[in-house]
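**Q** heads up, no residue letters with this:
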């Protein structure tokens with residue numbers, strides 16, 4: 001909601017009222033009688049609320065206040081030439097209450113009516129020229145100022161919108177990071193806790209070992225969360241493959257991993273991305289696949305690398321949830337692609353180019 005003019009402009013509107021002294025000059029010079037003074041003060045009493053209302057620039061009635069000031073000036077000119085200042089005030093407001101095209105049209109109308117009325121009243125040419133030039137200077141300068149104000153307002157709005165979108169994107173990035181980190185880790189903690197509970201009666205030593213591993217995993221998870229929030233990259237791909245193999249085997253899934261020697265050439269950002277993808281994919285296998293075997297491989301491909309994650313689980317109906325959607329967004333964000341098949345088990349086929357799109361065109 002727009003602010004009242006007093007909050008937006010302070011005392012400036014009252015200061016601009018100083019030019020109204022022109023309205024009272026002619027009655028003083030002519031030694032006007034009570035009737036003329038009464039008409040002058042009544043006109044001023046009509047002008048003031050119109051003038052103040054005009055400063056409510058975004059109010060629908062602002063243009064009507066401007067029109068009222070102009071009509072008041074034209075109606076008063078035959079008895080008091082000083083009331084031409086009412087018309088000047090109206091011209092000064094055009095740039096703020098109308099768009100530039102309409103403001104220019106109404107400006108020419110004001111100038112034309114003023115010139116015609118001065119001519120009909122046989123006003124001296126020097127006074128007519130002075131008032132026309134003054135009206136033109138004030139009106140055109142304020143139309144320009146109003147145009148700049150609107151442009152600045154649009155620029156500020158666009159800047160605020162970009163900041164909003166950046167905040168939204170950052171929140172989504174953090175949400176994906178936390179989902180990738182915590183989703184996997186909590187799944188491992190649940191699996192090891194269940195295993196420890198089952199082993200407690202039969203093999204207390206192994207159960208104790210599993211609980212110790214749960215503690216260590218929890219500590220590692222805390223560090224990873226801090227890294228994710230701080231924007232640091234994830235664990236190396238080799239570490240992530242080793243962790244994936246351990247997680248799958250803990251869940252009773254036979255895991256085979258293969259990492260090409262070319263993976264050493266991965267950029268840090270690409271390595272972090274693939275590590276997070278492996279983590280999310282393994283989490284899905286453990287949670288939903290009911291698989292017996294799972295294969296993970298990273299191989300060299302033409303102009304990039306190909307990551308394959310396949311299991312022999314139930315497959316079937318496929319619905320992309322937050323995890324897979326986050327994977328796809330990350331991969332496509334670096335110019336890669338992700339294919340998912342779930343007819344016989346589930347297979348993720350992910351391609352990452354050697355160079356990001358902006359690098360390739362540089």
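**A** Yes, it's here. As the structure is a prediction and not an experimental result, all values here were calculated from the model.

**Q** list the contacts of residue 176.
**A** Residue 176 sits next to 326, 329, 330 when contact means Cβ atoms under 8 Å, 6 or more residues apart in numbering. Where C-beta positions appear, they are placed from N, C-alpha and C, glycine not excepted.

**Q** which among the residues you listed end up buried?
**A** Under a neighbour-count criterion of 16 or more other Cβ atoms under 10 Å, the subset of the contacts of residue 176 counted as buried comprises 326, 330.

**Q** in CSV, list the contacts of residue 176 along with distance to residue 97.
**A** Written out in CSV, the entries for those read as follows (distance: Cβ to Cβ, whole Å):
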residue, distance to residue 97
326, 50
329, 46
330, 50
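
**Q** neighbours of residue 16, how many?
**A** Applying other Cβ atoms under 10 Å, we find 14 residues neighbouring residue 16.

**Q** pLDDT on the helix or strand where it lies, on average?
**A** Secondary structure from DSSP states H and E places residue 16 in helix 12-16. The average of the pLDDT scores along helix 12-16 is 71.

**Q** then stretch 299-314?
**A** Throughout stretch 299-314, pLDDT has a mean value of 87.

**Q** and if you look at stretch 128-139?
**A** Stretch 128-139 comes out at a mean pLDDT of 87.

**Q** and stretch 198-206, by the same measure?
**A** The model assigns stretch 198-206 a mean pLDDT of 75.

**Q** check the secondary structure at residue 340 for me.
**A** Three-state secondary structure (criterion: DSSP: H, G, I helix; E, B strand; the rest coil) places residue 340 in strand.

**Q** now the element after the helix or strand in which residue 306 is found, going C-ward?
**A** Assigned by DSSP H and E, residue 306 falls within strand 304-311. Next in sequence after strand 304-311, counting helices and strands by DSSP H and E, comes helix 322-333.

**Q** got the contact list for that next one?
**A** Outside of helix 322-333, the residues within contact range by Cβ under 8 Å, 6+ apart are 176, 179-180, 183, 273, 276-277, 280-281, 283-284, 320, 337-338, 340, 348, 350-352.

**Q** mind listing which of these are in strands?
**A** In this view, the contacts of helix 322-333 that belong to strands under DSSP state E are 337, 338, 340, 348, 350, 351, 352.

**Q** what packs against the strand holding residue 306?
**A** When contacts are defined as 3 or more Cβ pairs under 8 Å, 6 or more residues apart in numbering; DSSP states H and E, strand 304-311 sits against helix 268-284, strand 293-301, strand 346-353.

**Q** by how many degrees do it and helix 268-284 diverge?
**A** Taking axes from the mean of the first three to the mean of the last three Cα atoms, to 10 degrees, one finds strand 304-311 and helix 268-284 inclined to each other by 10 degrees.

**Q** any buried residues in strand 304-311, and which?
**A** Counting neighbours by 16+ other Cβ under 10 Å, one finds that the buried residues in strand 304-311 are 304, 305, 306, 307, 309, 310, 311.

**Q** surely the second one meets residue 267?
**A** No: here residue 305 lies out of contact with residue 267, judged by Cβ atoms under 8 Å, at a distance of 10.7 Å.

**Q** what sits against residue 98?
**A** Contacts of residue 98 were listed using Cβ under 8 Å, 6+ apart, and they are 63, 66, 106.

**Q** can I get those residues in CSV with distance to residue 82?
**A** What follows is those, written out as CSV (distance: Cβ to Cβ, whole Å):
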residue, distance to residue 82
63, 25
66, 19
106, 22
